[in-house]
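Trainee: Build me a model from this:
(chains A and B)
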Amino acid sequence: MALTRIGEGRLPVYIQEARIGMESKHTLEMKGISIEFPGVKALDHVDFAVKSGEIHALVGANGAGKSTLMKILGGAYGHYVGEIYFDGKKVDIRNPQDAKALGIDVVYQEVDTALISYLTVAENIMMDKMVNEMKGKHFIRWGNIHREAREVMKRVGIDLDTHTLVQDLSLAQKQMVLIARALATNTNFLVLDEPTAPLSQTETEELFRLMRDLAQNQQVGIVFISHRLPEIFEICETITILRDGQVVTDTTIDTLTQQKLVELMLGRRFEETYPKIHVPIGDVLLEVRDLNEEYGRVRNVSFTVRAGEIVGITGLVGAGKTELCKTLFGAYPMKSGEILLRGKSLHIKSPHAAVHQGMALVPEERRKEGVLVDEPVFVNLTLPSLDRFTKGPAFVDTRAERAKAREVIQDLGIRTPSENQKVAYLSGGNQQKVAVGKWLIADAEVYIFDEPTKGVDVGAKHDIFALIGALAKQGKGIIYASSEIPEILDISDRIYVMYDFTIVKEFETSEATEEAILFYSAGGQ
Amino acid sequence: MTTATEQSSKQAWYAGLVAFFSKWGTIITIFVLLIFFSATMPSFRTASNMVTIMRSISIVTVIATGITVSLTVDGFDLSVGSVATFSVALVMSFFVWYGWGTIPAIIVALLISLVVAVVNSFLIVKLHIYDLLATLATMFIFEGVAMTYTGGGSISQGMPRLDGTPTTGTIPPEFRLIGQSPYIIIIMLVIVMAVHVFLSYTKHGRYLYIVGGNREAARLSGIPVNRYRTLAYFLSTLLAGMGGIMLAARIGSAQINSGAGYLMPAVAAAFIGYSVAGVKKPNAIGTLVGAVLVGLLENGLIMMSVPYYSLNIIKGLVLAIALAITYYRKHD
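Mentor: Below you'll find the model as predicted:
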């Protein structure tokens, strides 16, 4: 009951308890953790440990299992195999409540889904209390809620009016509110999943200051997931590196260099390669000059694509690849810059305009944006070019439409009982072939592919690569955006690396290595 | 083990039954009602009563096809009743106040009604207001506009205007024909067929459904999504305005809020139409079948001397059942 320090007396009881709780040190150990999802073994006997007052980095390439491991810790995946120990005692974390009871909080990457945008800062911070500690009570004492929220914010070191609506905050502020919310309840361990991805330099520094304060002065154990290597070296003491669902290294940060870290992340991968089809490359087809997106989601991007050339756009998740693709296609508003096709300036105000000027986009979110799952294959295939299948004023010639669809199904090897099958019933790879096939009929000049091999099996991947090669052979310009670096190395002629919504490096594919690309992707200089 | 298989076969049987009824339930209900009303009331099964039913559903059906078109783009037009009221007031004023002929009166009344569509599509497409709420607002706005235009009263032949000015215009007899059978029924059938052909066989119909099915995918396929959503609201207003013209011809005067009563049965007809014959999309022919069901029910119940003021209970229940059939299976 040593509540004699100035200002301490006004603190609400649960924060006092939390503080008392934090005086003691805790350890958290995960041993032999495995988890499977249909068809994939996402984690394979992973050991991971973190203790109070430590900032521990968790790194790995895309799909290495970082987020999965942390979701297990947060109680999001209850079906794991293996053991978890808290202070040496075996515990079970099967749901988010279990994690909360141990004082484990995970701040996921998508801040907007975790916060309620039309409520105030105070309500968001105090949400857990308002939801879980109101049993038997019916009236909210708003004065208390705001006062307690202010106390938590003071502890986090953010200065905001608690009455502000969350929708009016910047991304960085939202992140801080989420961290404050985690700390409003008793927090022993805090997991931050790529918190710096949307932050600016100063905002990142502010976050680091807070992380250090939490670790050193308040004995919180922090797990920090980031793709940005300089940050990891700046803030972390210990590091665990995952690769393909297994731990490759568990060490202190001072034993590593950036170069060594990249090597460990990549390891020696045994992946099949795809034969590159070499075609003669023609003149500049598409030129992009100083492209900026209205909301800063693409910044000062300039590049060229020549006829018959496959240009790879790579970078980490969140580097701005999808945003670039969508801006080129008119789906995101363009703020400034110029897009030229064969030297002529294009006016791309909407995807409709883009299609009419010879662009085609195979979007990343296949089922939501690429195909219409409730419609049959033939409707999907002819959608962008329906004008060619009409007679009279605007009557659809379904017979011609179906005939063309059957032809494309044959050409692309789309596995479907008939052209009348709903796309929802096709496999991921075949759905993707439909998403590509519709643009083949439309006959564009520049084809943009955004993560076309995501969730696609090996056979279909080969087919899609062959298709892209065939398009290049016809003298089309290809933009191939993917965070799968090996794929980019296999298929492209030239590579642009994106970081922070802009292009930071250009490579001739013949001179590029996976290590070098990852180095620039991670903000290395 | 046996109980488990029994259970699953029972479930499959149950699911099959649900599917069968959601597909053919409307048609079966129509026949059941026909048999029931015919058996209990000899006057019901006369040919003249069948014509009465068809005539009475004509206006509902045309307004309901308007709602159907707005539903294709995953929208909803609640303002159709007010549009009908508005076009009734306009066309009647052209005849009675200004002495116009039939053709110009109809055309101008329909064109002016399209102002509602302009406002609707501006609110929904440009300002991104939920369709249901935006058209709720315009429903009140244009109910008020119509009433203000008529000076809060009705318009009929020989009746002076509210400020006392005598009127000399007459309602042309050929306009009156529009409201009589068989013409009103023929007009309805022609409109239903035209909307059916437009939605099912043209490029534009295909695009409307695609926009309604997945707006983002439609946009990224190069479809001018906003243009098609606007088109849908223009068509729904145009059809509702046409319903108003038919209503004006039928009653031969402009009454206060005369179109308002058509909203509910039209919504019911359009939603019943969703599931008819397993189309599972808003469609014109299904809407006609839905209107037949609603009209049959109304006619039969009135003949069974159910008081008119209780009819809304039945009509509301029918709408609830139609909505339940439309939405119940969407979740799994």
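
Trainee: which residue ranges form the strands in the stretch 201-332 of chain B?
Mentor: Using DSSP state E, counting those that start in this stretch, the strands of the stretch 201-332 of chain B run over B:253-254.

Trainee: Would you mind listing what in it touches chain A?
Mentor: B:201-204, B:206-207, B:210, B:213-214, B:216-225 (CB under 8 Å from any CB of the partner chain). The C-beta positions use only the backbone N, C-alpha and C, and glycine is treated the same way.

Trainee: and if we set it to 6 Å?
Mentor: Contact residues, the stretch 201-332 of chain B versus chain A (CB under 6 Å from any CB of the partner chain): B:201-204, B:206, B:213-214, B:216-217, B:219-222, B:224.

Trainee: Name the residue of chain A that lies nearest to chain B.
Mentor: residue A:355 (3.1 Å; CB to the nearest CB).

Trainee: before we move on, the earlier item: list just the nearest of the residues of the stretch 201-332 of chain B next to chain A to residue B:280.
Mentor: residue B:213 (11.1 Å; CB to CB).

Trainee: quick one: contacts for that closest one?
Mentor: The neighbourhood of residue B:213, defined by CB atoms under 6 Å, 6 or more residues apart in numbering or on different chains, consists of A:372, A:374.

Trainee: ok, now how distant is it from residue B:183?
Mentor: Counting by CB to CB, to the nearest Å, the separation of residue B:213 from residue B:183 is 37 Å.

Trainee: For the stretch 1-150 of chain A, which segments count as strands?
Mentor: So, for the stretch 1-150 of chain A - with DSSP E, counting those that start in this stretch - the strands run A:27-37, A:40-51, A:55-59, A:81-86, A:89-91, A:104-107.

Trainee: Out of those, which is closest to residue B:31?
Mentor: strand A:27-37 (50.7 Å).

Trainee: any idea of the angle that closest one forms with strand A:55-59?
Mentor: 20 degrees (axes from the mean of the first three to the mean of the last three CA atoms, to 10 degrees).

Trainee: Sheet partners, orientation included, of strand A:27-37?
Mentor: If you go by DSSP bridges, strand A:27-37 pairs up with strand A:40-51 (antiparallel), strand A:81-86 (antiparallel).

Trainee: Show me the contact partners of the helix or strand where the residue of chain A closest to chain B lies.
Mentor: Element membership for residue A:355, per DSSP states H and E: helix A:351-356. Helix A:351-356 is contacted from outside by A:329-331, A:348, A:384, B:219-220, B:222, B:224, using CB under 6 Å, 6+ apart.

Trainee: Work out which residue lies at the spatial centre of the chain.
Mentor: In the absence of a named chain, chain A is used. Most central in chain A under CA atoms, centre = their mean is residue A:317, positioned 4.4 Å from the mean C-alpha point.

Trainee: not what I meant, chain B
Mentor: For chain B, by CA atoms, centre = their mean, the most central residue is residue B:64; offset 1.6 Å.

Trainee: For that one, pull up the helix or strand it's in.
Mentor: Counting by DSSP H and E, residue B:64 is found in helix B:47-72.

Trainee: and the strands of the stretch 1-150 of chain A as a markdown table, adding mean pLDDT and mean neighbour count?
Mentor: Shown next, in a markdown table, are the strands of the stretch 1-150 of chain A (pLDDT from 0 to 100; neighbours: other CB atoms under 10 Å in any protein chain shown):
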| stretch | mean pLDDT | mean neighbour count |
| --- | --- | --- |
| strand A:27-37 | 91 | 17 |
| strand A:40-51 | 89 | 18 |
| strand A:55-59 | 93 | 25 |
| strand A:81-86 | 93 | 16 |
| strand A:89-91 | 92 | 11 |
| strand A:104-107 | 88 | 24 |
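
Trainee: Now distance to residue A:481 too, for these, in TSV please.
Mentor: Formatted as TSV, the strands of the stretch 1-150 of chain A follow (distance: least, CB to CB, whole Å):
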stretch	distance to residue A:481
strand A:27-37	25
strand A:40-51	23
strand A:55-59	23
strand A:81-86	36
strand A:89-91	42
strand A:104-107	28
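
Trainee: nearest to residue A:453, of those strands?
Mentor: strand A:40-51 (15.3 Å).

Trainee: ok, longest helix in the chain?
Mentor: All of this is about chain A. Of all segments of type helix in chain A, defined using DSSP state H, the longest is helix A:201-218.

Trainee: you looked at the wrong chain, it should be chain B
Mentor: Under DSSP H, chain B gives helix B:2-40 as its longest helix.

Trainee: who does it touch, helix- and strand-wise?
Mentor: helix B:284-303 (3 or more CB pairs under 6 Å, 6 or more residues apart in numbering or on different chains; DSSP states H and E).

Trainee: what does the stretch 51-200 of chain B have sitting close to chain A?
Mentor: Residues of the stretch 51-200 of chain B lying near chain A (CB under 6 Å from any CB): none found.

Trainee: which residue ranges form the helices in the stretch 51-200 of chain B?
Mentor: For the stretch 51-200 of chain B, the helices defined by DSSP state H, counting those that start in this stretch occupy B:80-96, B:102-121, B:131-149, B:173-178, B:183-201.

Trainee: Pick the most deeply packed of those.
Mentor: Of all the helices of the stretch 51-200 of chain B, helix B:80-96 has the most neighbours on average by mean count of other CB atoms under 10 Å in any protein chain shown, namely a mean of 28.

Trainee: pLDDT at the residue of chain A closest to chain B, what is it?
Mentor: pLDDT for residue A:355: 95.

Trainee: Quick one: neighbours of it, just the number.
Mentor: Per other CB atoms under 10 Å in any protein chain shown, the neighbour tally for residue A:355 reads 24.

Trainee: from the stretch 201-332 of chain B, which residue is nearest to chain A?
Mentor: Closest point on the stretch 201-332 of chain B to chain A, by CB to the nearest CB, is residue B:222, at 3.1 Å.

Trainee: what comes up buried for stretch A:125-145?
Mentor: A:125-127, A:129-130, A:145 (16 or more other CB atoms under 10 Å in any protein chain shown).

Trainee: how about the residues of chain A near chain B?
Mentor: A:351-352, A:355, A:363, A:369, A:372, A:374, A:383-384, A:386, A:390, A:394-396.

Trainee: Among the residues you listed, which ones are in strands?
Mentor: Among those, DSSP state E puts A:390, A:395-396 in strands.

Trainee: quick one: which of the residues you listed is most hemmed in?
Mentor: residue A:396 (21 neighbours).

Trainee: Residue A:233 looks like it's in a helix, true?
Mentor: Yes - with DSSP: H, G, I helix; E, B strand; the rest coil as the criterion, residue A:233 is part of a helix.

Trainee: Not counting its neighbours along the chain, what's nearest it?
Mentor: Leaving aside its chain neighbours, residue A:233 sits nearest to residue A:253 (6.2 Å; criterion: CB to CB, 6 or more residues apart in numbering or on different chains).

Trainee: my read: that neighbour touches residue A:241, true?
Mentor: No - under the criterion of CB atoms under 6 Å, residue A:253 makes no contact with residue A:241, lying 11.0 Å away.

Trainee: okay, those two: which has more neighbours?
Mentor: Set residue A:253 next to residue A:241 and count neighbours by other CB under 10 Å: residue A:241 wins out with 22 against 17.

Trainee: wait, is the more buried one part of a helix?
Mentor: No - Residue A:241 is assigned strand when assessed by three-state DSSP, not a helix.

Trainee: Mind listing the residues bridging to it?
Mentor: Residues in beta-bridge contact with residue A:241 (DSSP bridges): residue A:59, residue A:249.

Trainee: Need the pLDDT of it.
Mentor: 93.

Trainee: what sits against it?
Mentor: A:59, A:248-249, A:264.

Trainee: residue contacts, the residue of the stretch 51-200 of chain B found nearest chain A?
Mentor: Here the stretch 51-200 of chain B gets closest to chain A at one residue, residue B:197, 8.4 Å apart by CB to the nearest CB. Shown in contact with residue B:197 (CB under 6 Å, 6+ apart): no residues.

Trainee: Residue A:60 too?
Mentor: A:66, A:242-243, A:265.

Trainee: Number of residues surrounding the nearest residue to it once chain neighbours are set aside?
Mentor: Computed as CB to CB, 6+ apart, the closest residue to residue A:60 that is not its neighbour in sequence is residue A:242, at 3.7 Å. If you count neighbours by other CB under 10 Å, residue A:242 ends up with 25.

Trainee: Cool, thanks, talk later.
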